[in-house]
Every structure is written in structure tokens, then in C-alpha cells.
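S.K.: Pasted the sequence and its predicted model underneath.
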Amino acid sequence: MNLTTMLDYSLVTQAKEQELKLLIRLKAPLGTARKRKPLNLGVVIDRSGSMGGDKIENVKRALKTLITHLGPDDYLTLVQFDDEVEVLLEP
């Protein structure tokens, strides 16, 4: 297994508090691929006011990436909430 990480900043100071984003990539060596068991995933998205701007855009990008990795035997349930809950996609 190959693990790589990347921060969104090359330098971090201790002088002030700041938010960092960390990207983690895992890659299996070639030739070790096995058919995985089907997934049954439930994704719950907070769409309240605190998720505005970059936060919700990051969630959308992550969800699009997740979807590209699903197979034909996988199930995905998608729920969004704020003061109400709405099921957008049933399994």
C-alpha cells in the first residue's frame, strides 16, 4: 500500500490558528487488485447556513469523486438536511 499526503499550505506557523486541508491518497500496488464486495453507502449532507461557500462546494466535489468510484452493484443513499430532512436518492 502506498500512502501519500498533501497539505494545502507548504508552511504552517505556530503564531496563529489556521484551518488546514489534508489530502490523503492510498494506492494499492499493481497486481493486487481483487474484486471488492458491493458497497451500501449513506451520505448525509448538512445544507444549513454554516455550510455556505467553499464548504458546500467541497462537499459537492467529494460526492462527485465518490460517485465515479461506485460500481454497478453498489448502493448509494443521499440525504440532505437543515431544519428539515430530505431523502434525495434512495438506495
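M.R.: Alright, I've got the coordinates.

S.K.: which element is the residue nearest in space to the middle of the chain on?
M.R.: By C-alpha atoms, centre = their mean, the mean C-alpha position of the chain lies nearest to Ala62, the distance being 4.0 Å. Per DSSP states H and E: Ala62 is located in helix 54-68.

S.K.: What is that helix packed up against?
M.R.: The contact analysis (3 or more C-beta pairs under 8 Å, 6 or more residues apart in numbering; DSSP states H and E) places helix 54-68 against strand 40-46, strand 75-81. (Each C-beta comes from the backbone N, C-alpha and C, glycine too.)

S.K.: what's in contact with that helix?
M.R.: For helix 54-68, contacts defined as C-beta atoms under 8 Å, 6 or more residues apart in numbering pick out Leu41, Val43, Ile45, Arg47, Met51, Leu76, Leu78.

S.K.: Check stretch 13-20 too.
M.R.: Leu7, Asp8, Tyr9, Val12.

S.K.: hmm, back to that, could you flag which of the contacts of helix 54-68 are buried?
M.R.: Buried subset of the contacts of helix 54-68 (neighbour count, 16 or more other C-beta atoms under 10 Å): Val43, Ile45, Met51, Leu76, Leu78.

S.K.: With respect to Leu70, which of the residues you listed is nearest?
M.R.: Distance to Leu70, by C-beta to C-beta, is smallest for Leu76 among these, at 6.3 Å.

S.K.: thinking again about what came up before, distance of the residue nearest to the centre of the chain relative to Asp83?
M.R.: 24 Å (C-beta to C-beta, to the nearest Å).
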